[in-house]
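Asks: requesting a structural model of the entry that follows:
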Amino acid sequence: MKIIKALFTPGTSAFFFDDQRAIKKGAHQDGFVYEGAPVTEKFTRIREAGQSMGIQLILEDGQIALGECAAVQYSGAGGRDPLFLAHEYSAFMERNVAPMLEGLELASFREMTEQFMYLEIDGRRLHTALRYGLSQALLDARAKSLHLLPAEVICQEYNLPVIAEPVPIFGQTGDNRYENVDKMILKHIDVLPHGLINNIDAKLGRSGEKLREYIRWLAARVEHLRLDPSYAPALHLDVYGTIGVAFDYDLTKITDYIASLAQDARGLPLYIEGPCDLEEKAATIDFMARIVQRLGAMGSPVKIVADEWCNTLEDVRDFTDARACHMVQIKTPDLGGIQNIVESVIYCKQHGVEAYTGGTCNETDVTARMSVHLAVAARSDRMLAKPGMGFDEGYTIVKNEMERVLSVLRYRHGGK
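Replies: Predicted coordinates for the structure are as follows:
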């Protein structure tokens with residue numbers, strides 16, 4: 001079966017692009033926007049409306065395969081590609097990529113993606129967002145041509161067992177750190193709350209006291225609202241490097257503080273994402289590895305999650321090999337082609353590091369649903385409820401797609 005037409009449609013993502021460097025420098029929030037001038041390339045203001053670009057591949061038999069190009073909220077930071085402005089790429093894709101797609105005979109997903117993932121036009125590789133969308137559409141096309149789910153295609157091509165079991169889902173609160181937690185507990189989400197701890201004075205505290213108080217509240221709130229006493233979600237908080245800054249990158253102070261938070265979690269598993277960001281990959285890996293090593297020596301149960309500077313398959317391998325974390329966030333749009341997401345999960349699990357199929361609030365329903373197939377097939381340890389920052393919408397998209405996928409897998413491959 002061939003692709004007979006490729007269409008590219010500008011769209012909107014479920015959140016916004018934020019200039020992370022400007023926010024870290026103390027930009028003041030005024031309502032939903034931030035005051036002040038941006039500092040990251042291509043931003044015209046600190047918070048900009050998110051954009052996406054849909055890819056529709058029309059197949060010979062009339063079926064339509066979908067993919068969507070999207071980029072993370074904090075584009076242009078932590079070694080990522082610059083801000084993704086969809087309107088800049090529609091004509092570019094029609095001129096340069098459509099001729100390669102139209103007439104393409106559908107082969108294996110991995111063979112097809114190989115043609116595009118290292119493609120250079122005018123001496124530059126395609127933006128990660130473009131590779132992300134293209135690879136989704138190619139996987140969807142392959143699945144439709146075989147009358148299979150994308151998850152089944154991944155299992156076939158990577159020789160993975162089909163396991164029809166759910167992947168734990170991780171909800172993010174955005175700045176609504178209290179009301180959204182209540183929603184998560186009522187819906188018995190597996191992991192919460194992310195928390196968006198991206199400002200020292202407002203959210204962490206100069207001595208970490210605000211985060212400590214919040215963790216205590218989380219643990220107490222779970223106990224107060226749960227109807228089933230066995231419900232014990234993991235707590236996972238993203239601190240965007242603020243702990244390192246607040247404690248002046250003093251390893252002893254940082255690890256003592258992180259270890260002490262376990263008591264505040266009152267027995268709930270605790271994960272701290274991105275405790276430090278040294279503005280450079282090698283230095284960040286080295287410091288994170290020292291944190292992990294010292295926490296281990298202390299016997300601390302708190303786990304560290306890698307995020308910043310962990311953007312590519314190579315980065316995932318480097319953080320994993322250095323034991324610079326207990327869990328890697330595989331930030332789906334940053335890896336470009338979705339085959340890199342699958343390979344990252346497999347690599348982490350082979351080397352004793354937990355794999356979190358993450359992403360960003362700034363994705364779309366199409367990318368979120370595809371992420372479910374990848375997580376279920378590769379057996380991620382958790383995946384993000386996305387897109388958006390409202391929790392309910394993203395959780396509905398991910399949770400319901402997962403239940404649909406599992407139902408079909410059980411029907412076709414057995415299991416409960």
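
Asks: which residues does the nearest residue to A98 once chain neighbours are set aside form beta bridges with?
Replies: Leaving aside its sequence neighbours, A98 sits nearest to A6 (CB to CB, 6 or more residues apart in numbering; 4.5 Å). C-beta: built from backbone N, CA, C; applies to glycine. Note on A6: beta-bridge partners L57, judged by DSSP bridges.

Asks: enumerate every residue touching A6.
Replies: Under the criterion of CB atoms under 8 Å, 6 or more residues apart in numbering, the neighbours of A6 are I55, Q56, L57, I58, M93, E94, V97, A98, L101, E102.

Asks: where's it relative to A141, distance?
Replies: 10 Å (CB to CB, to the nearest Å).

Asks: where do the contact lists of the two overlap?
Replies: Common neighbours of A6 and A141 (CB under 8 Å, 6+ apart) are L57.

Asks: next one, pLDDT for the residue nearest to A98 please.
Replies: Per-residue pLDDT puts A6 at 98.

Asks: and L66, that's in a strand?
Replies: Yes: per DSSP: H, G, I helix; E, B strand; the rest coil, L66 lies within a strand segment.

Asks: excluding its backbone neighbours, what's nearest K42?
Replies: Nearest in space to K42, with sequence neighbours left out and distances taken as CB to CB, 6+ apart, is L83 at 4.0 Å.

Asks: pLDDT weak spots in this protein?
Replies: 78, 415-416 (pLDDT under 70).

Asks: name the single longest helix found in it.
Replies: Counting residues, the longest helix in the chain under DSSP state H turns out to be helix 392-413.

Asks: if you count contacts, what does that helix end up packed against?
Replies: Contact here means 3 or more CB pairs under 8 Å, 6 or more residues apart in numbering; DSSP states H and E; on that basis helix 392-413 packs against helix 150-157, strand 169-170, helix 365-378, strand 382-384.

Asks: redo that, cut-off 6 Å
Replies: Applying 3 or more CB pairs under 6 Å, 6 or more residues apart in numbering; DSSP states H and E, one finds that helix 392-413 makes contact with helix 365-378.

Asks: what residues are up against E94?
Replies: F8 (CB atoms under 6 Å, 6 or more residues apart in numbering).

Asks: continuing past whichever strand or helix holds Y214, what's the next helix or strand?
Replies: For Y214, the enclosing helix or strand under DSSP states H and E is helix 209-225. Counting by DSSP H and E, the next helix or strand C-terminal to helix 209-225 is strand 234-238.

Asks: quick one: strands adjacent to that next one?
Replies: Partners of strand 234-238 in the sheet, by DSSP bridges, are strand 191-194 (parallel), strand 270-273 (parallel).

Asks: identify the residues contacting that strand?
Replies: With CB under 6 Å, 6+ apart as the criterion, strand 234-238 contacts 170, 191, 194-195, 197, 218, 265, 268-274.

Asks: export that strand to PDB, keeping only CA atoms.
Replies: The C-alpha trace of strand 234-238 is given here as PDB (Å, rounded to 0.1, in the frame of the first residue of the first chain):
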ATOM      1  CA  ALA A 234       3.700   7.800  44.300                       C
ATOM      2  CA  LEU A 235       4.600  11.500  44.800                       C
ATOM      3  CA  HIS A 236       6.600  12.900  41.900                       C
ATOM      4  CA  LEU A 237       7.600  16.600  42.000                       C
ATOM      5  CA  ASP A 238       9.500  18.500  39.300                       C
END
